[in-house]
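# Kindly return the folded structure for what I paste below:
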Amino acid sequence: MPFRPSHSLLDCELLNLASAFCQLQLPFFFIPLVEMASTTLICDTQPWKDLKAHTEDIKKTHLRDLMNDKERCESMMVEFDGMFLDYSRQCATLETIDKLYKLAEAASLKQQINRMYSGEHINSTENRSVLHVALRAPRDAVINSDGKNVVPDVWNVLDKIKDFSEKVRNGSWVGATGKPLKDVIAIGIGGSFLGPLFVHAALQTDPEAVEFAKGRQLRFLANVDPIDVARNIAGLNPETTLVVVVSKTFTTAETMLNARTLREWISSALGPSAVAKHMVAVSTNLTLVEKFGIDPNNAFAFWDWVGGRYSVCSAVGVLPLSLQYGFSIVEKFLKGASSIDEHFRSAPFEKNIPVLLGLLSVWNVSFLGYPARAILPYSQALEKFAPHIQQVSMESNGKGVSIDGVPLPYEAGEIDFGEPGTNGQHSFYQLIHQGRVIPCDFIGIVKSQQPVYLKGEVVSNHDELMSNFFAQPDALAYGKTAEQLLKENVSQHLIPHKTFSGNRPSLSLLLPSLNAYNIGQLLASYEHRVTVEGFVWGINSFDQWGVELGKSLATQVRKQLNASRTKSEPVEGFNFSTTTLLTRYLQRWRYDLSEILEIHGNLGKKMIIPPSSQMHTHV
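Below is the predicted model:
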């Protein structure tokens, strides 16, 4: 029967109860007579079993031979809105792709996509809709959540951001001393940082965006490490700096400590009343925003149907990016993402770029057994893309149970990493070529943001870069045989070291340029790819309970550190290892603090900062 995930928490509890009785190995008559949930894991379906059997056929093939089949290669190329996907270097035949479509049908993929777009609470563990697509929908679109069209709310916030960012940029909103605010520090962590940073890094060298950003700086403060604070405010003047605090609840520990630190930086230089002119918020907790000292009128909302890692198109990213580049640039970014949203929702699977990307990932992870994926953009402007996708993918699909809480008997999720080419070639490509098999995403750009042509050179700088983009996938696919090396008169003892097995899968994604619109396309394509994987695996890609345990344990440590420092209480309640580490840390901390206070005479001050940091504050 078709795989249709159940969303009943009661069903989940019953399954877990039955599982517990089975583990106790009690006689059958001891098991309570309850109605069992009709949950079917995707691995129990016939298409999954067919693909499992099919892997034996694929193991007998080699990409050297598959690449000789022109019809196959041509059918594995898809184009949409300027984007061109070539997945012919995947270890797959046309039969494989057909079987993956049948798997998608068994997973009710089309229905799942429709459920997401219609605002159903597909994030069942948190009872929420998943509607990041609404963040970039056209103004006249209708996307409902709980019976309400949320698009007008989205555009109310976008209009507010446009108005505010234009006031700051044209100088009608000034700081406490009357100076224009030309520098912005955005405070946030995780999804409130990685996505906006990726887009900012990609726009920094786009010619159009560069013009709009002249004379302005945008920095991101994420790490609670004081080094990150020091680096972010180094060289900045509080009089000309605007701080954007991004926290939905205004309670995130790291973000709020950093926010209090910069509040002190501003108020110690300009007075406490300056906070209202130099700090704004992206939050829904207006009470805590006001208590912090920020005018609630200067808070920009987002909603619980937006997951943190999917929030770059909300005020989380749009506000700081609009302050830096102007709203018109950011609106183009939103339109690029919206184009892919519509493509994902409506295109048939054989022409649907996110669907194909997702199904191929499932094939590589769950059937071919490749647990990692390398994201290799041949553009330095995309240097922060892989770190962002690490979170989007690994926080979304790093799950060990189905959406109904049933342990998965198959592998789901993948390890994402990457580096721009050609830097990565001189780093980890050795392992990719001759070590473990790691499927690779090669991302290339036809037109460079910053072209350079040197007289007398064989090719331009961008052509040199792209020569590697085209060569590396073939090197991975074809490899080099011992016979070829013998013909090249390579010494016998070196042949094993210079042999490349090949048959290493990759795909190539080619974009016409890298402007704001294309950046939005790229973002949405990867967001939806992750969604497809989760729908097929039958997991919840939109919660992240895995980040909670460490945070709760950190609360206990925080209490201990405070008690030890303020009351000299001994370390108690931890295992031997943690106790030893904490004790050594506290002993060393006391010595370091005494040394700092003795040198700089900062006793009683709220901020203790060595002058080498060059922070503009009264210390």
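# Can you show me the helices along the stretch 201-350 of the chain?
The residue ranges that make up the helices of the stretch 201-350 of the chain, judged by DSSP state H, counting those that start in this stretch, are 207-212, 226-233, 253-270, 275-278, 286-292, 315-325, 327-346.
# Ok, which of those comes nearest Leu94?
Smallest distance to Leu94 across those (C-beta to C-beta): 22.7 Å, for helix 327-346. C-beta here means a position set from N, CA and C on the backbone, and glycine is covered the same way.
# Can you tell me which of the helices of the stretch 201-350 of the chain is most buried?
Among these, the stretch with the highest mean neighbour count (mean count of other C-beta atoms under 10 Å) is helix 315-325, at a mean of 28.
# Could you dump the helices of the stretch 201-350 of the chain into a markdown table with distance to Leu509 added?
As requested, those are exported to a markdown table (distance: least, C-beta to C-beta, whole Å):
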| stretch | distance to Leu509 |
| --- | --- |
| helix 207-212 | 22 |
| helix 226-233 | 32 |
| helix 253-270 | 33 |
| helix 275-278 | 41 |
| helix 286-292 | 40 |
| helix 315-325 | 22 |
| helix 327-346 | 12 |
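# how about those, which one is nearest Glu383?
Smallest distance to Glu383 across the helices of the stretch 201-350 of the chain (C-beta to C-beta): 15.7 Å, for helix 207-212.
# for the record, mean pLDDT for the closest one?
Per-region confidence: helix 207-212 scores 98 on mean pLDDT.
# can you check stretch 215-225 too?
Per-region confidence: stretch 215-225 scores 97 on mean pLDDT.
# who touches it?
169, 182-190, 192-193, 196-197, 200, 228-229, 232, 236, 253-254, 257-258, 262, 320-321, 323-324 (C-beta atoms under 8 Å, 6 or more residues apart in numbering).
# Hmm, Val130 and Met116 touching each other?
Yes: with contacts counted by C-beta atoms under 8 Å, Met116 reaches Val130, the gap being 5.4 Å.
# any shared contact partners between the two?
Residues touching both Met116 and Val130 (C-beta under 8 Å, 6+ apart) are Ile122.
# So for the closest residue to Val452 other than its chain neighbours, what pLDDT did the model give?
If the residues on either side of it in the chain are set aside, Val452 comes closest to Asn461, at 4.4 Å by C-beta to C-beta, 6 or more residues apart in numbering. Reading off the confidence values, Asn461 has pLDDT 96.
# What is the burial count for Asn461?
Number of residues near Asn461 (other C-beta atoms under 10 Å) recorded here: 14.
# In this structure, where is pLDDT below threshold?
Along the chain, the model assigns pLDDT under 70 to residues 1-39, 589-619.
# can you give me the strands for it?
Assigned by DSSP state E, the strands in the chain fall at 77-80, 83-86, 144-145, 148-149, 183-187, 217-221, 241-246, 279-282, 299-300, 372-377, 415-418, 440-445, 506-511.
# so can I have TSV of the ones you listed showing mean neighbour count?
As requested, these are exported to TSV (neighbours: other C-beta atoms under 10 Å):
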stretch	mean neighbour count
strand 77-80	15
strand 83-86	19
strand 144-145	18
strand 148-149	13
strand 183-187	26
strand 217-221	21
strand 241-246	27
strand 279-282	27
strand 299-300	21
strand 372-377	24
strand 415-418	19
strand 440-445	22
strand 506-511	22
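# Nearest approach to Thr205 belongs to which of these?
When those are ranked by proximity to Thr205, the top entry is strand 440-445, at 11.4 Å, counting by C-beta to C-beta.
# Give me the helices and strands touching that closest one, please.
strand 372-377, helix 461-478, strand 506-511 (3 or more C-beta pairs under 8 Å, 6 or more residues apart in numbering; DSSP states H and E).
# closest one to Gln484 among the ones you listed?
Short answer: helix 461-478, nearest of these by C-beta to C-beta, at 9.8 Å.
# tell me the angle of that closest one relative to strand 372-377?
Angle, helix 461-478 to strand 372-377, by axes from the mean of the first three to the mean of the last three C-alpha atoms, to 10 degrees: 160 degrees.
# What is the distance between helix 461-478 and the centre of its chain?
The chain centroid and the centroid of helix 461-478 are separated by 26 Å under C-alpha atoms, centre = their mean, to the nearest Å.
# Run through the neighbouring helices and strands of it.
helix 63-66, helix 429-434, strand 440-445, strand 506-511.
# what about 6 Å?
Helices and strands in packing contact with helix 461-478 are listed as strand 440-445, strand 506-511; criterion 3 or more C-beta pairs under 6 Å, 6 or more residues apart in numbering; DSSP states H and E.
# Distance to Val406 added to the ones you listed, as TSV?
Putting the helices and strands packed on helix 461-478 into TSV (distance: least, C-beta to C-beta, whole Å) gives the following:
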stretch	distance to Val406
strand 440-445	31
strand 506-511	31
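# Of all those, which one is nearest Leu581?
Counting by C-beta to C-beta, and looking across all of these, nearest comes strand 440-445 at 38.8 Å.
# Can I get that closest one as PDB, trimmed to CA atoms?
Output in PDB follows, covering the C-alpha atoms of strand 440-445 (Å, rounded to 0.1, in the frame of the first residue of the first chain):
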ATOM      1  CA  CYS A 440      29.900  15.700  -5.000                       C
ATOM      2  CA  ASP A 441      27.800  18.700  -6.000                       C
ATOM      3  CA  PHE A 442      29.800  21.000  -8.500                       C
ATOM      4  CA  ILE A 443      28.200  24.400  -8.700                       C
ATOM      5  CA  GLY A 444      29.500  26.700 -11.500                       C
ATOM      6  CA  ILE A 445      28.800  30.200 -12.700                       C
END
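# Tell me which strands it pairs with, and in which orientation.
strand 372-377 (parallel), strand 506-511 (parallel) (DSSP bridges).
# Residues touching the first one, excluding its own?
This points to strand 372-377. 385-386, 389, 414-416, 418, 420-421, 424, 438-443 (C-beta atoms under 6 Å, 6 or more residues apart in numbering).
# contacting residues around the residue lying closest to Gly317 once chain neighbours are set aside?
Closest residue to Gly317 apart from its sequence neighbours, by C-beta to C-beta, 6+ apart: Pro196 at 3.9 Å. Contact analysis of Pro196 by C-beta under 6 Å, 6+ apart lists 312, 317, 320.
# Nearest to Lys399 among these?
Val312 (22.2 Å).
# any idea how far that closest one lies from Arg584?
Going from Val312 to Arg584 by C-beta to C-beta, to the nearest Å gives 40 Å.
# Kindly report the same for Pro180.
Relative to Arg584, Pro180 is positioned 48 Å away (C-beta to C-beta).
# before we move on, the earlier item: mind checking which of Val312 and Arg584 has more residues around it?
Neighbour comparison, Val312 and Arg584: the larger count goes to Val312, with 31 against 11 (by other C-beta under 10 Å).
# Excluding covalently adjacent residues, which one is nearest to that one?
Taking C-beta to C-beta, 6+ apart as the measure, Val312 lies nearest to Gly195, with 3.0 Å between them; neighbours along the chain are not counted.
# Thought Gln390 was touching the one you found, still the case?
No: with contact taken as C-beta atoms under 6 Å, Gly195 and Gln390 are classed as non-touching, separated by 11.4 Å.
# Which of those two has more residues huddled nearby?
Ranked by neighbour count (other C-beta under 10 Å), Gly195 and Gln390 place Gly195 first, with 28 against 17.
# Now for the more buried one: which residues touch it?
The contact partners of Gly195, taken as C-beta under 6 Å, 6+ apart, are 312, 317, 388.
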